[in-house]
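1. Give the three-dimensional model of this entry:
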Amino acid sequence: MRTLFLIVVILALYAIPNSVRAEACEDGPPTQLDISMAGIVAPEIDRLQLRALPAVGTGVEERLRAGLTFTVIDGPSCNGGFNWWRVELTDGSGRRGWLAEGDWEGYYVLPIIDGEDRLYAFRSPVIRQMWLRFLAIVT
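-> You can find the predicted model right below:
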């Protein structure tokens, strides 16, 4: 009985950190991605590094070419001023890893959005912020 109680406590403690969703970086550009969204490596970006962990200093799993698509499976995780997203590549390989979404110079990855919402997928976070402020004024 005591062993069963100990196992339940350990499992509960293990589950608590996994149930809390990470937050985006307060000092980073606003995120355009979310879990379950499809995304694409931005056209201007070549050889974007898919990393083993959400940090610049971690191992590179693969270098991704512009136009490669993926599905977001976890995140965001804030590290080094970057919003990191765990993704699975949609090329049929099943490969997974972490991508930095971008910096204030521009986004490295963009959401794939159908219909009119495509207007919100801006390459520049500064332009996106200005557009959202404009929409708030006119609506």
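2. Beta-bridge partners for residue 111, please?
-> Taking DSSP bridges, one finds residue 39 as the beta-bridge partners of residue 111.
3. and residue 37, what is it in contact with?
-> If a contact means C-beta atoms under 8 Å, 6 or more residues apart in numbering, then residue 37 has 71, 72, 111, 112 as its contacts. All C-beta atoms are positioned from the backbone trio N, CA, C, and that covers glycine.
4. Distance-wise, check it relative to residue 75.
-> Going from residue 37 to residue 75 by C-beta to C-beta, to the nearest Å gives 10 Å.
5. hang on, the earlier thing: kindly reformat the contacts of residue 37 as JSON lines containing distance to residue 30.
-> Output for these, formatted as JSON lines (distance: C-beta to C-beta, whole Å):
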{"residue": "71", "distance to residue 30": "21"}
{"residue": "72", "distance to residue 30": "15"}
{"residue": "111", "distance to residue 30": "12"}
{"residue": "112", "distance to residue 30": "18"}
